[in-house]
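Peer 1: just coords:
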Ligand code: HEA
Ligand code: HEA
Ligand code: CUA
Ligand SMILES: [Cu+2]
């Protein structure tokens, strides 16, 4: 058995001088970024599964679940939902402009998306403040606990999304996206739509169910 | 990335989303407190439609290959697994002293089952806020 | 490269590896003599649990000796200096099939062997049945006692004469828990604060006490005597000393004890106050 | 997400047809800080993970020694450290301190040693090298992944010194003990820090996992089809996927527990519990003091184990992968049944998601659900069985080189069998009613996790050390290290089975006050002796490790005459890893191939 370990031999073992970096692509035909963001979204789904799942499980264990209309300001939030959906739509428009190579359009629609998102956060903050005034705190009862933890974490996602979009806006402003490559913008968009999607579900089960 | 074959009209999708949201809210407000099955059935239906539209068009799932789809495929299964295994234990447990959500009341030293004590009247925010 | 002279290494490590199955089996065989084995067993489902343990022990011991033996043989035989190359094989389908199917069967056997006993211990329907499956004196609805766990003590509560637990002449017995021998005893396990677990090794019985839950538990002790009650779920700094004592009395003595307690309650008048 | 190198100058990667190569010259001049501290190079990050992991291994080890001291000689003065650690208790371990001892021991070992070492250290170091990539898909994200451990460590260490003692609810942090502030000394602020630490570890693992999966999916060298990947890569891929789908649920649950503690919600607290005769939740009439309660303690247990059972496979799958590779290399023989090995790992991962209830058999869970969990748990032994048999099949008819990595790899197999088999007892519900939370459980998981994963980590260190530092670790000392570690490990953990059968409870600071346990003290004392010896013996490793780093035998690209790609780079590999273009022609296990007269045939050699 040949187990004498060869000592270092400069001939074969020394690194070759100034070699280039070889970066291969093995498919599947999805950008790395997009592949990664979908993985990340999968984890986000599991995260909200944890929260929403807990809510459903706890709620089905209660004797009488209070009627949300008795506790929450549904009209305002319905309007807020509408705002978020609109911003999602504006996001798509800005993506399309980017695809068409229309930088002005990208900036305009993206800007409006950001405004929409910030507006949503604003309203939610207002809602929270009002609820605190009315003496509804996370600790008040299990309804409020679940309410605050779910909407709270969604809200924090919206904030992160807005920040991300703002960064994307500046990149677009510096002309960082071409009609051939606007992956960065697409990723931000995907995250934004996901946040929107989560809200659609939350709104239904928290405010209307 | 989306080449032109993958184009769709966002405005149409948006219109539908708008319609469904309106319908859903209306449904929720009118049928609130009435038969839960009807209420939830309708709401669930609308919510699902909206989610579906967003995922399939806005998030482009319709135009993605099997790769992306397979990345999120396990999540619905796991959702079912969690729900299926946990709820018999937690929500459907026969051995609970008090239903979930009941509260302890120090003054009477009793346990309240009914959460409606914490219901609040909107608009009267500030009088409530005083004391 | 082997550091040691090749043959030294071979012998040394073969011996080392062979120690595992040998000492492994040896300790299990002799453990009983040192008292490092099951404590005395006094409950009715206890022997069944031990039997299942042994069933698994045999199957596991078999695979253990088999696999470790094969491993040791490889360590010894195939580390022998040779000039020829190793066998050039990427696997063998038939073999894979065999050693998938055989364990599969073993495992299914193991799994299904458990179910009867598990049902007997846990299913409320089976609680309080005597040897020949007849419902005994105590049932899940009308248990013999309540046991409360709290940081860091145990407290048994025996119902008053007409069987309810909130009357004023309910007998409370901290630390010491008295039960009749050879009787299917059903009780309700509760916790006042955090998780605890009711564990009596001699009964082969363990059940967590969960605050907010009332968990029916049962056992049927076959031998008079007193046994350690140990808290088996971490419940704070005093967990290690959260002890109790279960006294299994002859039936008549038990009745006598309970009556005595009730009399005492009347004697010091607390019960009269109720009227 | 920073774009991959070169994606801006050409078509974004992924649109280009599979197999395209992007050759780019970036003259790479970075200062010390960027090179060794805030480095984006996967090799450096891997080594950073390794060092921190090993340091925490020492810490966890020390905690274990303290545990063993208390179990051998309850309430007796600790020799040296006693004076400085606990002067106020008269140099003895207090019961409060004992609870936080094993809590911290478990937490450190699992979340700061095993997972970082397996996925953090070797995941980072090996993945690009073994698939022929220049680096991870997202080098910056990778760097953040490592530095997300910093706040985690900060909070963990903060927890040690927290007022009212460190976290003391066990590494499983069962509420209400962990949520009700009054319940335990350590659940004042210590538990809160513990939760924050866990959350940060989670963030780190997430970043890592996303990176690993993307890299493996997208950056393999031409010809490296998925069924030509080394089993280590498969293992790391599968455990990364486990992380991705299981971990967020724990994060959500820990946030709920955080809410329970900080905002006094009651997800996991029933309504009417009384701690120290003061109800944990107050009148709803007084919202200021109110605490909702009305939750359910079992909810936490479910959510926790939904992550933490998959986590135990995260802790063993990479170990299995490394063992398979190392055994094949040093046995000079192809892995027996490569595909069955892959499928069984996938099977373990899949089943791993539906067995978590086996930790809760006595928790008061629904017994029918328990029965279902039992069946799936028992069946998970099947894929593991396939792996064990295939390892032995690999050794059969091989030409073993008794090197230190090989010894540790075979040690892993031998020990994993023991740990796995004891799992079967606990999977059997009625038996678990008796042995749950006894030392059989402790024996079980130390066999899989110390004698298993840690042995595999030792094997991996001895095996890939030459690639990391260009030098060989000393074989003689390595063998001495293995001999003692193997012997003492069994000395420590084997007899714990007997303790368990005798019914000895875990997490008990002083069991001997019970008549049932009194006679077990001598056995525990012997175990502790072995434990101290085991710890002391590691000086051989420490010395070997550091000495070899600087003065070890200098070796070339492929000291072990192995096949996989990482041995096709200089040792240590430079920036961009590979100094020539790659093409992969075959799987990584073509040892003893008749095609060539040497007994190995690298993946990249054309014949
Ligand atoms: C790396 C970590 C790891 C691994 C791989 C495993 C593997 C397994 N574990 Fe373990 N486990 C833990 C880490 C791990 N565990 C930890 C940390 C705890 C304690 C947590 C705590 O409470 O603190 C725990 C606790 C634990 C419990 C709870 C015990 C209790 O608290 O009461 C159970 C119960 O079912 C269990 C079962 C199993 C089973 C069936 C396997 C199986 O995967 C094992 C399969 C392997 C084999 C079976 C051996 C090889 C196979 C053969 C040789 C073929 C022939 C075999 C047969 C035919 C039987 N484990
Ligand atoms: C990966 C996990 C892991 C590892 C490796 C270990 C290692 C050890 N563990 Fe433990 N242990 C747990 C995970 C682990 N443990 C968990 C999860 C629990 C449950 C906690 C709970 O109940 O909540 C537990 C609980 C536990 C208990 C039960 C406590 C109780 O319930 O009361 C005991 C008792 O003996 C114990 C002992 C030991 C011992 C003696 C070791 C020894 O093997 C340790 C020996 C240490 C070394 C050998 C390290 C030496 C250092 C090096 C080799 C590195 C070299 C450094 C450089 C090169 C820089 N552990
Ligand atoms: Cu009570 Cu442990
Ligand atoms: Cu498990």
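Peer 2: Received the coordinates, thanks. Bear in mind that the values here come from a model prediction, so they are computed numbers and not experimental data. Numbers count the residues shown, from 1 in each chain, chains lettered A, B, ... in the order given. Ligands and ions are numbered 1, 2, ... in the order given.
Peer 1: and residue D:230, how many neighbours?
Peer 2: 28 (other Cβ atoms under 10 Å in any protein chain shown). Any C-beta I mention is one placed from the backbone N, CA and C, and that applies to glycine too.
Peer 1: could you pull out the strands for the stretch 101-250 of chain C?
Peer 2: In the stretch 101-250 of chain C, the segments counted as strands under DSSP state E, counting those that start in this stretch are C:145-150, C:153-158, C:171-174, C:176-180, C:185-191, C:196-200, C:205-209, C:215-219, C:225-231, C:243-249.
Peer 1: ah, wrong one, I meant chain A
Peer 2: Using DSSP state E, the strands of chain A run over residues A:21-24.
Peer 1: in chain A, what residue is nearest ligand 1?
Peer 2: For chain A and ligand 1, the shortest gap (Cβ to the nearest ligand atom) falls at residue A:50, measuring 20.3 Å.
Peer 1: With adjacent residues omitted, what lies nearest to that residue?
Peer 2: Once flanking residues are discounted, residue A:50 sits nearest to residue D:252: 2.8 Å by Cβ to Cβ, 6 or more residues apart in numbering or on different chains.
Peer 1: what about the longest helix in chain B?
Peer 2: Longest helix of chain B, by residue count under DSSP state H: helix B:10-31.
Peer 1: Test for you: state the pLDDT assigned to residue C:237.
Peer 2: Residue C:237 carries a pLDDT value of 88.
Peer 1: Am I right that residue A:58 is in contact with residue B:93?
Peer 2: No - counting by Cβ atoms under 8 Å, residue B:93 is not a contact partner of residue A:58; they are 12.0 Å apart.
Peer 1: Return every residue with contacts to both of these two.
Peer 2: Residues touching both residue A:58 and residue B:93 (Cβ atoms under 8 Å, 6 or more residues apart in numbering or on different chains): residue D:296.
Peer 1: Quick check: which ranges of the chain have low pLDDT?
Peer 2: Reading this off chain A. Counting by pLDDT under 70, chain A has low-confidence residues at A:1-4.
Peer 1: please go with chain D instead
Peer 2: Across chain D, the ranges flagged by pLDDT under 70 are D:1-20, D:25-29, D:82-90, D:163-164, D:184-188, D:275-293.
Peer 1: Please give me every residue in contact with the residue in chain A that ligand 3 sits nearest to.
Peer 2: Closest residue of chain A to ligand 3, Cβ to the nearest ligand atom: residue A:61 (25.5 Å). Residues near residue A:61 by Cβ under 8 Å, 6+ apart: B:87, B:90-93, B:96, B:99-101, D:296.
Peer 1: need those residues in CSV with neighbour count, secondary structure and distance to residue D:347, can you?
Peer 2: Compiled in CSV, the contacts of residue A:61 are given as follows (neighbours: other Cβ atoms under 10 Å in any protein chain shown; DSSP: H, G, I helix; E, B strand; the rest coil; distance: Cβ to Cβ, whole Å):
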residue, neighbour count, secondary structure, distance to residue D:347
B:87, 20, helix, 27
B:90, 24, helix, 29
B:91, 20, coil, 31
B:92, 13, coil, 31
B:93, 21, coil, 32
B:96, 18, strand, 37
B:99, 16, coil, 40
B:100, 28, strand, 36
B:101, 29, coil, 40
D:296, 31, coil, 32
